[in-house]
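*Asks:* give me the fold of what follows.
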Amino acid sequence: MAVWAQTMAALADRRGAALKRYAFLLCGDDAEADDLVQEALVRAFARPGHRTEDEAEAYVRRIMLNRFLDAKRSGRVWRRVSPLLHRRDYVPDASGQVVVNADVRAALARLSPRQRACAVLRYYEDLTVAQIAAELGCREGSVKRYLSEAHQRLAELLGDGEAAHGGRTEVAARGTHAQASSAARK
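*Replies:* This next block holds a predicted model:
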């Protein structure tokens, strides 16, 4: 087996669940997340190349983010199963940890694509403002604006009036909580 094929197999095996969660947080739909991961893997490994597993994962994540933003820019309809968004249950991942609850998924779905991408990169991927700006190809000030707008909108949608006025909002991701209000200002 070629080195690139081994890298792809190892990436899919070891990090497949994490890639799926990332895609799900971006698009909000389980089937769409599967498609996003599959398309990103196919695009990343369409031509044989020499990448480490970490480089390949970063490249696949970048492809997923770009494909998500491209779909939003082109005006494609974002399909979701409505009843799933209104359930008040939690979706456990393979290890039984809570990935994200239905209310947060529904609130994320109502953000603009750039706000959602910034929020996912900041609170799920734990990237800094500078890293998000580099990832999205925009200025740090724009990222701060998107994060601030996302934080305000999430606070409104999730009914956390305190967060809308400088309090604390917690977003469940990877089984941990991120403090949105202080992070949005960094």
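*Asks:* just for this protein, where's the confidence low?
*Replies:* Low-confidence segments of the chain (pLDDT under 70): 1, 73-101, 160-186.
*Asks:* quick one: the helices in it, in order.
*Replies:* Using DSSP state H, the helices of the chain run over residues 3-27, 30-44, 53-73, 82-86, 102-109, 113-119, 129-136, 140-157, 161-164, 180-185.
*Asks:* now the angle between helix 53-73 and the second one, please.
*Replies:* Counting by axes from the mean of the first three to the mean of the last three CA atoms, to 10 degrees, helix 30-44 lies at 120 degrees to helix 53-73.
*Asks:* and for the first one?
*Replies:* Interaxial angle of helix 3-27 relative to helix 53-73 (the same axes, to 10 degrees): 40 degrees.
*Asks:* could you list the buried residues of helix 3-27?
*Replies:* 4, 7-8, 11-12, 15, 19-27 (16 or more other CB atoms under 10 Å). To be clear about C-beta, it is placed using only N, CA and C from the backbone, and glycine gets the same treatment.
*Asks:* so which of the residues you listed is the closest to C138?
*Replies:* L26 (16.9 Å; CB to CB).
*Asks:* quick revisit: what's the most buried one of the helices of the chain?
*Replies:* Of all these, helix 113-119 has the most neighbours on average by mean count of other CB atoms under 10 Å, namely a mean of 23.
*Asks:* what's the closest non-adjacent residue to L25?
*Replies:* V120 (4.8 Å; CB to CB, 6 or more residues apart in numbering).
*Asks:* how near is that neighbour to V3?
*Replies:* 31 Å (CB to CB, to the nearest Å).
*Asks:* D35 now?
*Replies:* Distance from D35 to V3, by CB to CB: 27 Å.
*Asks:* and if you look at D103?
*Replies:* Taking CB to CB, one finds D103 at 44 Å from V3.
*Asks:* max pairwise distance over the buried residues of helix 3-27: which two?
*Replies:* W4 and L25, at 27.5 Å, using CB to CB across these.
*Asks:* show me the domain layout of the chain.
*Replies:* Under the assignment automatic domain parsing, the domains of the chain span 1-80, 90-186.
*Asks:* next, count neighbours for the residue nearest to L25.
*Replies:* Neighbours of V120 under the rule other CB atoms under 10 Å: 24.
*Asks:* show the contacting residues for it.
*Replies:* Counting by CB atoms under 8 Å, 6 or more residues apart in numbering, V120 makes contact with 22, 25-26, 108.
*Asks:* again, but for R110
*Replies:* Residues counted as contacts of R110 (CB under 8 Å, 6+ apart) are 153, 157.
*Asks:* state the phi and psi torsions of it.
*Replies:* Dihedral pair for R110: phi -90, psi 0, per degrees, to the nearest 10.
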